[in-house]
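K.L.:
Predicted structure and sequence below. I'll ask about it afterward.
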Amino acid sequence: MSGPQSANSEPDERMQVTLIAMAVASAVGVTAMWKAVLTFLIGFAVLVPAGADVLVRMPGGAGVGLDAPRCWIAAALVMALVGLGVKHQRHRRQLESL
């Protein structure tokens with residue numbers, strides 16, 4: 001048996017469809033710009049070109065990626081961001097306990 005739908009179900013469904021459409025559009029946009037982003041990062045020496053000694057390859061980059069020194073730098077940046085996040089959470093909890 002199917003009963004009458006609640007009045008809130010239609011706006012909820014519209015919101016879900018809108019969010020899914022935005023996610024798909026974002027994914028398509030990022031995919032379309034990926035080659036340009038990789039070229040930009042090679043130009044500023046963030047990534048190394050395909051002919052160099054690449055340890056970590058970027059997806060869809062035809063061999064473009066990070067060499068050993070850039071891997072260490074990337075790892076240090078990730079650890080610094082995690083440390084800052086932990087520090088922020090501790091500070092926030094300390095303020096909440098006051």
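P.N.:
Thanks, I have the structure now. Computed from a prediction, not measured in an experiment: that's the story for all the values here. Numbering: from 1, shown residues only.

K.L.:
Just to check, Cys71 is in contact with Val56?
P.N.:
Yes - with contact defined as Cβ atoms under 8 Å, Cys71 reaches Val56; the gap is 5.9 Å. Just so you know, the C-beta spots here come from the backbone N, C-alpha and C atoms, and that holds for glycine as well.

K.L.:
Could you say which helix or strand holds the spatially most central residue of the chain?
P.N.:
The centroid of the chain falls nearest to Val30 when counting by Cα atoms, centre = their mean (10.3 Å). Assigned by DSSP states H and E, Val30 falls within helix 9-43.

K.L.:
Give me the buried stretch members for that helix, please.
P.N.:
Across helix 9-43, burial judged by 16 or more other Cβ atoms under 10 Å covers 38, 42.

K.L.:
which is the next helix or strand following it?
P.N.:
strand 56-57.

K.L.:
Follow the chain on from that next one and name the next helix or strand.
P.N.:
For strand 56-57, the following helix or strand on the C-terminal side (DSSP H and E) is strand 65-66.

K.L.:
What's the mean pLDDT across that following strand?
P.N.:
The average of the pLDDT scores along strand 65-66 is 92.

K.L.:
helices or strands up against that strand?
P.N.:
Counting contacts by 3 or more Cβ pairs under 8 Å, 6 or more residues apart in numbering; DSSP states H and E, strand 65-66 packs against strand 56-57.

K.L.:
Show me what the strand it packs on pairs with in its sheet, parallel or antiparallel.
P.N.:
strand 65-66 (antiparallel) (DSSP bridges).

K.L.:
Give me the distance from the strand it pairs with to the chain's centre.
P.N.:
17 Å (Cα atoms, centre = their mean, to the nearest Å).

K.L.:
again with stretch 11-18
P.N.:
Centroid separation for stretch 11-18 versus its chain: 24 Å, with Cα atoms, centre = their mean.

K.L.:
Please save the CA atoms from that stretch in PDB.
P.N.:
Output of stretch 11-18 as PDB, limited to C-alpha atoms (Å, rounded to 0.1, in the frame of the first residue of the first chain):
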ATOM      1  CA  PRO A  11      11.800  19.600  -1.600                       C
ATOM      2  CA  ASP A  12      14.100  17.000  -0.100                       C
ATOM      3  CA  GLU A  13      14.200  15.100  -3.400                       C
ATOM      4  CA  ARG A  14      14.900  18.300  -5.300                       C
ATOM      5  CA  MET A  15      17.800  19.100  -2.900                       C
ATOM      6  CA  GLN A  16      19.300  15.600  -3.400                       C
ATOM      7  CA  VAL A  17      19.000  15.900  -7.200                       C
ATOM      8  CA  THR A  18      20.600  19.300  -7.100                       C
END
